[in-house]
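> okay, sequence plus prediction incoming.
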Amino acid sequence: IDEAWVYMNEAEVGRALNEALADGTVASRAELWVTSKLWQCHHRPELVREGCLESMTKLGVDCLDLYLMHFPVAFVPGCVEATSAEQMDDTPIEDTWRAMEALVDEGLVRNIGVSNFEIEDLKKVQAAATKPIAMNQFETHPYYQRRELLAYCGEHGIPVTAHSSLGGGQNAMKAFQP
């Protein structure tokens, strides 16, 4: 299950997960891999745990298998979508990462990673990290191959998950679709 705070459907997904476990469709929680993502309004270190717990509560889980920093930029607390410079926050991603490492230490999440990070963003996290970057999830597909970023992740042992793996809304083949 690939979720995120900003998808605003974690409660519905959580109900479906609990129903699937209750009716035996899924035998045990161990059969599921549940990922969620820290939204940009929770980047301040004192808000990281709160953002994680909110997602866990809505999903109805006592631990996330993977928790990703959704983007390498921060918004001011309470801002869901920044539309002006005043809504941006200057929290360094290294500070957010360290707060995410504390979630692992506390047993709230098993693995932490990032999403939509470029090489320079990854280098910042790597310089601060005491725990491995368990994943970089970013857009890549045949029409947007991201070879340099894929190579960097491979060289540094950072697994990759592709989002929009069949092409995003700006897909180059869009003009050829009926």
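The structure has been received and is ready for your questions. This one's a predicted model, so the numbers in the text were calculated from it and none came from an experiment. Residues are numbered from 1 along each chain as shown.

> what about the strands in this structure?
35-38, 66-69, 74-75, 88-89, 112-115, 136-139, 160-163 (DSSP state E).

> contacts for the fifth one?
Read that as strand 112-115. 37, 66-72, 97, 100-101, 103-104, 121-122, 125, 131, 133-138, 158-159, 163 (Cβ atoms under 8 Å, 6 or more residues apart in numbering). For every residue, glycine as well, the C-beta is placed using N, CA and C.

> then the third one?
Residues external to strand 74-75 that are found in contact with it (Cβ under 8 Å, 6+ apart): 39-41, 43-44, 81-82, 87-91, 93, 96.

> who wins on neighbours among these?
Of all the contacts of strand 74-75, His43 has the most neighbours under the rule other Cβ atoms under 10 Å, reaching 29 neighbours.

> distance of the residue lying closest to it once chain neighbours are set aside from Ala162?
In space, His43 comes closest to Ala74 once its chain neighbours are excluded; the distance is 3.5 Å by Cβ to Cβ, 6 or more residues apart in numbering. Separation of Ala74 from Ala162 (Cβ to Cβ, to the nearest Å): 25 Å.

> ok, which stretches of this protein are helices?
10-22, 45-59, 93-106, 119-128, 147-155 (DSSP state H).

> for those helices, could you give me a markdown table that also reports mean pLDDT and distance to Arg29?
Conversion of the helices of the chain to a markdown table gives the following (pLDDT from 0 to 100; distance: least, Cβ to Cβ, whole Å):
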| stretch | mean pLDDT | distance to Arg29 |
| --- | --- | --- |
| helix 10-22 | 97 | 7 |
| helix 45-59 | 98 | 11 |
| helix 93-106 | 98 | 18 |
| helix 119-128 | 98 | 29 |
| helix 147-155 | 98 | 29 |
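
> tabulate those helices (TSV), appending distance to Ile1.
Converted to TSV, the helices of the chain look like this (distance: least, Cβ to Cβ, whole Å):
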stretch	distance to Ile1
helix 10-22	6
helix 45-59	8
helix 93-106	18
helix 119-128	24
helix 147-155	23
